[in-house]
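Student: this one's sequence-less:
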Ligand SMILES: CC[C@@H](C(=O)O)C(=O)SCCNC(=O)CCNC(=O)[C@H](O)C(C)(C)COP(=O)(O)OP(=O)(O)OC[C@H]1O[C@@H](n2cnc3c(N)ncnc32)[C@H](O)[C@@H]1OP(=O)(O)O
């Protein structure tokens, strides 16, 4: 017998036992990872919600959201200046968003996508308050519907963010929860001296449902996003400006209307001086070149996490506590 065939006989069992050890190790690793994942999951996401995430039927969701009335979203477009104003109009509830308003906002974004003369957009609330998030009356009735609502809002706010218009959120009064999320879908944020902004979601037993985590990380980086979202801190205009979240603080002692005029001037003089075709091309280029532009995976993960907490015990306890964030 040659020495090489001896070698084969001796090596075969050794090779098999190494393979066995590797297989056992792999199985143990997979079991360990799966156990870890189930430990981290606060409560089960139903298969109905998961299937909604994959292919949200936006028309069907809009139809459902329209059943939750209240307020409106109003849009005026000025072809001369090229600046449009979108007003979140639900002042009796500090401009919180009902289901119907979510649908109307999506429709107004459709219109703005088609506005050839447009250069800029101001998003603001009625009567001196930006937006206090979701309408809590709607929230309480839609605790089974978080995944669908988040999918709808992600679609609208991604389109708002990517409009070929230079957008500014005019933050007067309170900007809270979903309101703070809306503000991050604009290119800039201008705030009144007395304004307050807070990502209060964790205080409400939830994570962000309208895409703000994805946008904040891209806007200000991981550290700032983590600070805002984990603390639920409510910031003054000065603090938010220092953090880089707010770009400009308006002069003190202006009326609400004067603040709107001052915001139009800030936007117009700084960013809307040139031809609308050029400016729209600049914005489209920015959107295209932004390395974080394809945010679909991140938004999907954000919706998955949100759906795990929405309607859960922490949110129910927060709603029952009737928390005021002033
Ligand atoms: C679904 C999105 C989710 C997310 O993903 O983030 C959310 O946004 S959850 C919602 C988070 N927002 C809140 O929890 C707001 C709670 N409200 C407050 O903190 C305060 O009302 C205020 C916004 C700081 C305003 O305070 P103040 O100026 O002192 O006025 P009032 O408290 O008297 O409010 C006037 C009136 O408005 C009603 N209101 C305010 N916010 C909401 C809201 N989000 N939904 C429904 N109604 C709201 C408030 O209840 C008062 O009503 P009346 O008592 O009937 O006058």
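Tutor: In hand now; what should we look at? Note that the structure is a prediction, hence the values are computed from the model and not measured.
Student: what ranges do the strands span in the stretch 151-300 of the chain?
Tutor: Applying DSSP state E, counting those that start in this stretch to the stretch 151-300 of the chain gives strands spanning 166-171, 174-176, 188-191, 196-198, 234-236, 248-249.
Student: could you dump those into TSV with mean pLDDT and mean neighbour count added?
Tutor: Heads up, the C-betas are built off the backbone N, CA and C, glycines and all. Compiled in TSV, the strands of the stretch 151-300 of the chain are given as follows (pLDDT from 0 to 100; neighbours: other Cβ atoms under 10 Å):
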stretch	mean pLDDT	mean neighbour count
strand 166-171	98	27
strand 174-176	98	29
strand 188-191	98	25
strand 196-198	98	23
strand 234-236	98	19
strand 248-249	98	16
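Student: nearest to the ligand, of those?
Tutor: strand 174-176 (4.5 Å; Cβ to the nearest ligand atom).
Student: contacts for the closest one next, please.
Tutor: For strand 174-176, the surrounding residues in contact (Cβ atoms under 8 Å, 6 or more residues apart in numbering) are 94, 129-133, 169, 183, 195-198, 200, 234, 325-326.
Student: go again with 7 Å.
Tutor: Contact with strand 174-176 is made by 94, 129-133, 183, 195-198, 200, 325, as judged by Cβ atoms under 7 Å, 6 or more residues apart in numbering.
Student: also stretch 147-157?
Tutor: 49, 52-53, 56, 58, 61-62, 64-65, 102, 105-106, 109, 142, 182, 185, 209-211, 299, 303, 306-307.
Student: and stretch 280-298, by the same measure?
Tutor: Contacts to stretch 280-298, defined as Cβ under 7 Å, 6+ apart, come from residues 158, 162, 164, 165, 166, 214, 218.
Student: quick one: name the residues of the stretch 201-326 of the chain near the ligand.
Tutor: Within the stretch 201-326 of the chain, the positions adjacent to the ligand are 201, 204, 208, 209, 210, 323, 324, 325, 326 by Cβ under 6 Å from any ligand atom.
Student: quick one, what contacts the first one?
Tutor: It stands for residue 201. Contacts of residue 201 (Cβ under 7 Å, 6+ apart): 177, 207, 208.
Student: okay, and which of the residues you listed map to helices?
Tutor: In helices, judged by DSSP state H, none of the contacts of residue 201 are found.
Student: just the closest of those residues to the ligand, please.
Tutor: residue 177 (2.8 Å).
Student: wait, isn't that closest one in contact with residue 197?
Tutor: No: taking contacts as Cβ atoms under 7 Å, residue 177 lies outside contact range of residue 197: 10.3 Å.
Student: residue numbers of the stretch 1-150 of the chain in contact with the ligand?
Tutor: Remark: the part of the stretch 1-150 of the chain in contact with the ligand comprises 93, 94, 96, 132, 133, 134, 135, 136, 137, 139, using Cβ under 6 Å from any ligand atom.
Student: now for the residues you listed: which two are most distant?
Tutor: 94 and 139 (13.8 Å; Cβ to Cβ).
Student: which one's more surrounded, those two?
Tutor: Neighbour count, other Cβ atoms under 10 Å: between residue 94 and residue 139, residue 139 has more, with 26 against 22.
Student: what's the weakest-modelled helix or strand in this protein?
Tutor: helix 47-54 (a mean of 42; mean pLDDT, DSSP states H and E).
Student: now, which of the contacts of stretch 280-298 sits nearest the ligand?
Tutor: residue 214 (13.1 Å).
Student: where does the closest residue to that closest one other than its chain neighbours land on pLDDT?
Tutor: Using Cβ to Cβ, 6 or more residues apart in numbering and skipping the chain neighbours, the partner closest in space to residue 214 is residue 298 (4.4 Å). At residue 298, the model reports a pLDDT of 94.
Student: tell me the contacts of residue 216?
Tutor: Here residue 216 is in contact with 184, 225, 228 (criterion: Cβ under 7 Å, 6+ apart).
Student: if you set the cut-off to 10 Å instead, what comes out?
Tutor: With contacts defined as Cβ atoms under 10 Å, 6 or more residues apart in numbering, the neighbours of residue 216 are 180-181, 184, 199, 208, 222, 224-229, 245.
Student: now do the residue nearest the centre of the chain, the pLDDT please.
Tutor: Central residue of the chain (Cα atoms, centre = their mean): residue 211, 2.0 Å from the mean position. pLDDT recorded at residue 211 is 98.
Student: and residue 231, by the same measure?
Tutor: Note for residue 231: predicted pLDDT of 98.
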